[in-house]
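K.L.:
attaching a predicted model along with its sequence, questions to come.
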Amino acid sequence: MRNAAGRVVPDGMPAFAGADAYRSHSRVLLSQEPRKHPPVFYSSLSAVFAAAPVVDGMTLSFHHHLRNGDKVTNAVCAEILRRGLKNLTLAPSSVFPTNAILAELIQAGHVTNLRTNYINGPAALPIEAGKLRGLLLMDTHGGRARAIESGELPIDVAFLAAPAVDRNGNGSGTMGPAACGSLGYAQPDLHYAKYVVLVTDTVVDSLDRIDLDGAFVDAVLVVDSIGDPEGIVSGTTRITRDPVGLKIARDAARFLWEVGAIRPGFSMQTGAGGTSLAVAAQVRSLMREHGIRGSFASGGITGYYVDMLEEGLFDHLYDVQCFDLSAVRSLAKNALHQAISASRYGNPFDHDPIVDQLSFVILGATEIDLNFHVNVTTDSFGRLIGGSGGHADTAHGAKITVITTNLTKARLPIVKQRVTTLTTPGEDVDVLVTERGIAIRPDRIDLIAATRNSRLPIRTIEDLLQTAHALSGVPKELPHGTRIIGHVLYRDGTVIDNLYQPSQD
């Protein structure tokens, strides 16, 4: 059958029925069960595996707040190899290049299913090669929280990196040598996994703040190091100096100003890349010039937003993960900088998720097509390079969703007739800003009317496609495989697209 986005969905899989279809369903919420006994402290991973116990066929989960500095997932994978466990499902919130050991587990059949929000690096290669014996399922950040709390994704054992733990088993993200800040993506695992292990390299008598409640912890594993805090840095964390990126940023900010999105009490989110931060810089200048104070910035927080908070340009920062060490330090000391859970951030069934309160969001794209569908999961050859993360969550929730990207990259058009993989549906995308012009989705007549007399280069997306072809030529139709190796899930758990094994031709 075909879903609402026109993609074929295999029989038996729930088909995407539209971005608002979830509103016709009620929230399913499992009960949270505090432990009856205090957690047991261990000094070896082998002892934890025996105590849990971890056996064939289980589902194990991890969070990604240490990002490319994570050592916890790798240590657990090494123990799986040592024990020869089979048929496991791993459910990390994201997979990074540092988690290369996962490739070995997939090829040898130790891990047969993988469920994550983002995957990049060596672990993607055996999946693309068809070596994963089950399926790769890719959630959004909010969708993963929904899946765990509803029981759709049952977790047997959660291994949660905690930079510091006290004697009662409470965990903190802002203390210890590997402090990573907010632990928002660990919250669903903490509250709903059958067995919860905090993995730490720092045990203290008491914590200044508690991010992980010891009442839900079964075991604490003390190790030499949970990871490298420098590895948490995401994106460039610096404003781009590229003239093309700066032009895109200026036009995006000017567009938002002209449509009235930057006004007292507004809220925003951008990524941590150079162009995204350049947009934030342009917005910051407009706020200063016109004396505007916003209500909040959210998402993955960088030091740039910390500076805006301390300058008094925002009332609050809502932080589901810290993207640099400045943000980690700010979260530890500033009460206006608040950590939030993944569910509070983007779960469509939360009573009022932060993403639904956004005035606008600035997002990127690997590809965008004439229907404004966006791909951030694969490249044009179908190779795995990322995933939705919060892309689809924020795109749906924000009042205005802006995609910023160069019109061509590496001599390939970013605007396509049809995206290779559909991550975020076009009905949730409002504006595309490139260095060659700005396209507004035709049914956003309010935005079109607001910019009717603008000096900005407002064009149709079809015009931008033709311009891209004039610059780089019309690309040859790339061959793709036909074997399904996974599915991209929309935030309500329905299949919005399939992942195909890339063609070897």
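P.N.:
Nice, I can see it. Residues are numbered from 1 along each chain as shown.
K.L.:
and this structure, what are its domains?
P.N.:
35-232, 243-485 (automatic domain parsing).
K.L.:
start to end distance for the last one?
P.N.:
The first and final residues of domain 243-485 sit 39 Å from each other (Cα to Cα, to the nearest Å).
K.L.:
one step back: Asn3: which of the domains of the chain is closest?
P.N.:
Of all the domains of the chain, domain 243-485 sits nearest to Asn3, with 9.4 Å by Cβ to Cβ. Using the backbone N, CA and C atoms, a C-beta is placed for each residue, glycine as well.
K.L.:
tell me where the stretch 101-250 of the chain has helices.
P.N.:
Under the criterion DSSP state H, counting those that start in this stretch, the stretch 101-250 of the chain contains helices at 101-107, 124-128, 141-150, 187-192, 243-258.
K.L.:
what about the closest residue to Gly121 other than its chain neighbours, neighbour count?
P.N.:
Leaving out its chain neighbours, the residue that sits closest to Gly121 by Cβ to Cβ, 6 or more residues apart in numbering is Pro97, at 3.1 Å. Neighbour count for Pro97, taken as other Cβ atoms under 10 Å: 14.
K.L.:
wait, Gln187 sits on Ala339?
P.N.:
No. At 9.3 Å, Gln187 does not count as touching Ala339 under the criterion of Cβ atoms under 8 Å.
K.L.:
which one of the two is surrounded by more residues?
P.N.:
Gln187 (27 against 22).
K.L.:
per-residue pLDDT, that one?
P.N.:
Among the per-residue scores, Gln187 holds a pLDDT of 98.
K.L.:
show me what contacts it?
P.N.:
Listed by Cβ atoms under 8 Å, 6 or more residues apart in numbering, the contact set of Gln187 reads Ala145, Leu212, Ser341, Ala342, Ser343.
K.L.:
any idea what the most centrally placed residue in the chain is bridged to?
P.N.:
With distances taken as Cα atoms, centre = their mean, the residue of the chain nearest its centroid is Gly389 (2.0 Å). Beta-bridge pairing for Gly389 (DSSP bridges): Thr140.
K.L.:
hang on, it packs against Thr116?
P.N.:
No. Using Cβ under 8 Å, Gly389 is not in contact with Thr116, being 10.0 Å away.
K.L.:
which residues are common contacts for these two?
P.N.:
Common neighbours of Gly389 and Thr116 (Cβ under 8 Å, 6+ apart) are Ser94.
K.L.:
residues near Leu132, how many?
P.N.:
By the criterion of other Cβ under 10 Å, Leu132 has 20 neighbours.
K.L.:
ok, the residue lying closest to it once chain neighbours are set aside to Gly382 distance?
P.N.:
Nearest residue to Leu132 in three dimensions, chain neighbours excluded: Ile106, at 5.3 Å (Cβ to Cβ, 6+ apart). Distance from Ile106 to Gly382, counting by Cβ to Cβ, to the nearest Å: 18 Å.
K.L.:
over to Asp307?
P.N.:
For Asp307, the distance to Gly382 - Cβ to Cβ - is 40 Å.
K.L.:
who's Thr89 bridged to?
P.N.:
Applying DSSP bridges to Thr89 gives these bridge partners: Thr59, Asn113.
K.L.:
helices of the stretch 301-450 of the chain, residue ranges please.
P.N.:
Remark: helices assigned in the stretch 301-450 of the chain by DSSP H, counting those that start in this stretch are 303-310, 325-333, 342-346, 391-397, 445-450.
K.L.:
just checking, what packs against the last one?
P.N.:
With contacts defined as 3 or more Cβ pairs under 8 Å, 6 or more residues apart in numbering; DSSP states H and E, helix 445-450 has no packing partner among the helices and strands.
K.L.:
CA atoms only for that helix - export them in PDB, please.
P.N.:
In PDB, the C-alpha atoms belonging to helix 445-450 read as follows (Å, rounded to 0.1, in the frame of the first residue of the first chain):
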ATOM      1  CA  ILE A 445      -0.600  32.100   1.600                       C
ATOM      2  CA  ASP A 446       0.000  34.100   4.800                       C
ATOM      3  CA  LEU A 447       3.800  34.100   4.200                       C
ATOM      4  CA  ILE A 448       3.400  34.700   0.500                       C
ATOM      5  CA  ALA A 449       1.200  37.700   1.200                       C
ATOM      6  CA  ALA A 450       3.600  39.100   3.900                       C
END
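K.L.:
which outside residues touch the very next helix or strand once past it?
P.N.:
As assigned by DSSP states H and E, the chain's next helix or strand after helix 445-450 is strand 458-459. The contact list for strand 458-459 (Cβ under 8 Å, 6+ apart) reads Arg436, Gly437, Ile438, Ala439, Ile440, Ile448, Thr451.
K.L.:
stretch 341-356 too?
P.N.:
Here stretch 341-356 has contacts from 22, 27, 93, 140-146, 149, 184-185, 187-188, 269, 296, 298-299, 318, 320, 340, 361, 390, 393-394, 396-398, 491-492, using Cβ under 8 Å, 6+ apart.
K.L.:
first-to-last residue distance for it?
P.N.:
One end of stretch 341-356 sits 15 Å from the other (Cα to Cα).
K.L.:
okay, buried residues for it please.
P.N.:
Across stretch 341-356, burial judged by 16 or more other Cβ atoms under 10 Å covers 341-350, 353-356.
K.L.:
okay, the residues you listed in CSV with pLDDT next?
P.N.:
Shown next, in CSV, are the buried residues of stretch 341-356 (pLDDT from 0 to 100):
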residue, pLDDT
Ser341, 98
Ala342, 98
Ser343, 98
Arg344, 98
Tyr345, 98
Gly346, 98
Asn347, 98
Pro348, 98
Phe349, 98
Asp350, 97
Pro353, 98
Ile354, 98
Val355, 98
Asp356, 98
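K.L.:
phi, psi for the residue sitting furthest away from the middle of the chain please.
P.N.:
Distance from the C-alpha centroid of the chain peaks at Asn453, with 36.6 Å (Cα atoms, centre = their mean). Per-residue torsions, Asn453: phi -100, psi 20 (degrees, to the nearest 10).
K.L.:
thinking again about what came up before, which of the contacts of stretch 341-356 count as buried?
P.N.:
For these, buried by 16+ other Cβ under 10 Å: 22, 93, 140-146, 149, 184-185, 187-188, 269, 296, 298-299, 318, 320, 340, 361, 390, 393-394, 396-398, 491-492.
K.L.:
contacts only, for the nearest residue to Thr408 once chain neighbours are set aside.
P.N.:
Leaving aside its chain neighbours, Thr408 sits nearest to Ser472 (4.8 Å; criterion: Cβ to Cβ, 6+ apart). Neighbouring residues of Ser472 by Cβ under 8 Å, 6+ apart: Thr408, Arg411, Leu412, Pro413.
K.L.:
what of Ser43?
P.N.:
Applying Cβ under 8 Å, 6+ apart to Ser43 gives the contacts Leu221, Val222.
K.L.:
how near is it to Asp224?
P.N.:
Taking Cβ to Cβ, one finds Ser43 at 10 Å from Asp224.
K.L.:
same deal with Phe323?
P.N.:
Per Cβ to Cβ, Phe323 is found 26 Å from Asp224.
K.L.:
for Ile368, same thing?
P.N.:
Look at Ile368 and Asp224: by Cβ to Cβ, they are 45 Å apart.
K.L.:
quick one: the strand or helix carrying Leu499 to chain centroid distance?
P.N.:
Under the criterion of DSSP H and E, Leu499 resides in strand 495-500. The chain centre lies 17 Å from the centre of strand 495-500; the measure is Cα atoms, centre = their mean, to the nearest Å.
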